[in-house]
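In: Quick one: sequence plus predicted model below, questions after.
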Amino acid sequence: MAIPEYWYLRIRRYGEFDMKMIFRKYKAALIWTVILCVIFANLIAYVHAYKFTHFTSRAVPRTKDPKALSVVDKVAILFTGIDNPRPRNVATPREPFDRFEVNSLKKLACWRIQIPQSKGTVVLFHGYAGEKSSLIGRAEEFIKLGYSIVLVDFSGSGGSEGNATSIGFHEAAEVKDVFEFVSKTGESNVILFGTSMGAAAILKAAHEYKIEPSAIILECPFGSLYTTVCARFKMMGVPAVPMAALLTFWGGAQQGYWGFSHNPSRYASAVTSPTLLMFGEQDERVTLQETQDIFSNLKGPKTLKVYPTAGHNVFTEENQSQWRQDVTTFLQPLR
């Protein structure tokens, strides 16, 4: 049965009146609710950012990959942040090696394998929450190609000092310092290799400090800090807005920089060295578009290799043969 127009207008008028009255009555409460929600969101983001950029010495297992987490685990992490134990070297090279330190922002622990009649030296930089022992497999491939190698722990990892990471921002200075250290030993053919965060740090070092290695090999660098934070929320299956922006802000603030300016895709425009860029097509942390942006901005001779079955780690057993071939082909003209 239709409501007569007279009663419809009265109901509508009193409804609007009641809503206005309710808003006036509870205006202060509503405003405080919004303010408290904003404060709470920032507190959560601050805790997440701190745990993401600071390693703990406590013997706790690292938080599992998001795909391996239950719904309950994911909800708990949203409130508490990840468990992030300090990365420790779990193996040593099979070949005889020397240990040495480089003075940088912190003292950096390094391993060096010097081979006879070396064609040059490849310096390897690990990714986020990694350490130099994670790159031993790749180092062995460079040794087979006739190169001496230097494996580096970024500050906060392995045998180096510190307990924090800036996701490649301050690590750029460490790349520069190690590069200069190796160059001063008389090595004229220095090649820089980096994976993920290590690759981003190399790009920033070229942009910030104008270093010019003989060549650069990059695996899966992220295009910007903000996009890589968004990717982690996507992997968790939760909306990135607005927490990804807050996490980017607080992560940068805690490390003394503006997080939204940390953009390896922009840093790439300063790279003039021959560069091999590698990308796994199944990568959930870095997109193909980010990779293409970095590649298009590189100024020197460049090669892009995409591995259809690889994720964020392209040096898998399935792809090692192709990785070896691509690196060999890239380095061939530099010998």
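Out: Thanks, I have the structure now.
In: Pretty sure residue 234 sits against residue 240.
Out: Yes - the criterion here is CB atoms under 8 Å, and residue 234 meets it with residue 240 at 6.4 Å. C-beta here means a position set from N, CA and C on the backbone, and glycine is covered the same way.
In: Tell me the confidence at the residue nearest to residue 308 when sequence neighbours are not counted?
Out: Excluding the flanking residues, the one nearest residue 308 by CB to CB, 6 or more residues apart in numbering is residue 281, at 4.8 Å. Residue 281 carries a pLDDT value of 96.
In: Confirm for me that residue 170 is in contact with residue 105.
Out: Yes - between residue 170 and residue 105 there is a contact under CB under 8 Å: 6.0 Å.
In: any common contacting residues for those two?
Out: With contacts taken as CB atoms under 8 Å, 6 or more residues apart in numbering, the residues that reach both residue 170 and residue 105 are residue 155.
In: who's more crowded, those two?
Out: The neighbour count for residue 170 versus residue 105, taken as other CB atoms under 10 Å, is higher for residue 170 (21 against 16).
In: for that one, what are its contacts?
Out: 105, 155, 255-257.
In: So which of the residues you listed wins on neighbours?
Out: residue 155 (22 neighbours).
In: Find the helix or strand that that residue is a member of.
Out: Take DSSP states H and E as the rule and residue 155 turns out to sit in neither a helix nor a strand.
In: Check the contacts of residue 170 and tell me the two furthest apart.
Out: Maximum pairwise distance among the contacts of residue 170 (CB to CB): 15.0 Å, between 155 and 257.
In: And the pLDDT for the residue nearest in space to the middle of the chain?
Out: The geometric centre of the chain, computed from its C-alpha atoms, lies nearest to residue 197 (CA atoms, centre = their mean), at 4.0 Å. Listed pLDDT for residue 197 reads 98.
In: Look up how far residue 318 lies from it.
Out: Separation of residue 197 from residue 318 (CB to CB, to the nearest Å): 23 Å.
In: what sits up against stretch 105-119?
Out: For stretch 105-119, using CB under 8 Å, 6+ apart, the contacting residues are 92-93, 95-102, 132, 139, 143, 145-156, 158-162, 170, 173-174, 177-178, 189, 335.
In: er, stretch 315-334 actually
Out: Here stretch 315-334 makes contact (CB under 8 Å, 6+ apart) with 120, 137-138, 141-142, 145, 189, 191, 195, 214-215, 217, 219, 274, 276, 278, 303, 305, 307, 309-310, 314.
In: Tell me which of those fall in strands.
Out: Among these, the members found in strands (DSSP state E) are 191, 195, 215, 217, 219, 276, 278, 303, 305, 307.
In: I'd say the first one and residue 125 touch.
Out: No - the criterion here is CB under 8 Å, and residue 191 misses it with residue 125 at 11.7 Å.
In: between these two, which one's more packed in?
Out: Neighbours were counted for residue 191 and for residue 125 using other CB under 10 Å; residue 125 has more, 29 against 25.
In: OK, contacts around the more buried one?
Out: 152, 154, 171, 175, 192-195, 198-199, 201-202.
In: Give me the below-cutoff pLDDT ranges for this protein.
Out: Low-confidence segments of the chain (pLDDT under 70): 1-23, 64-69, 71, 73-76, 79, 335.
In: Could you pull out the strands in it for me?
Out: Counting by DSSP E, one finds strands in the chain at the ranges 98-103, 107-113, 121-125, 148-152, 190-195, 215-219, 275-280, 302-307.
In: Residue 78: which of these is closest?
Out: So among the strands of the chain, strand 275-280 is nearest, using CB to CB, at 27.2 Å.
In: How far does the closest one sit from its chain's centre?
Out: Taking CA atoms, centre = their mean, to the nearest Å, one finds strand 275-280 lying 15 Å from the centre of the chain it belongs to.
In: Direction included, what does it pair against?
Out: strand 215-219 (parallel), strand 302-307 (parallel) (DSSP bridges).
In: Would you point to the one among these that's packed deepest?
Out: strand 215-219 (a mean of 25; mean count of other CB atoms under 10 Å).
In: Residue 44 and residue 281, how far apart?
Out: Residue 44 is 33 Å from residue 281, by CB to CB.
In: Compare those two (neighbour count), which wins?
Out: residue 44 (18 against 13).
In: pretty sure the more buried one is touching residue 51, no?
Out: No - the criterion here is CB under 8 Å, and residue 44 misses it with residue 51 at 11.0 Å.
In: Please name the residues that touch the closest residue to residue 223 other than its chain neighbours.
Out: Using CB to CB, 6+ apart and skipping residues adjacent in sequence, the residue nearest residue 223 is residue 290, 3.1 Å away. Counting by CB under 8 Å, 6+ apart, residue 290 makes contact with 222-224, 227, 265.
In: Residue 290 and residue 220, how far apart?
Out: Taking CB to CB, one finds residue 290 at 9 Å from residue 220.
In: Also residue 196?
Out: The gap separating residue 196 from residue 220 is 5 Å, by CB to CB.
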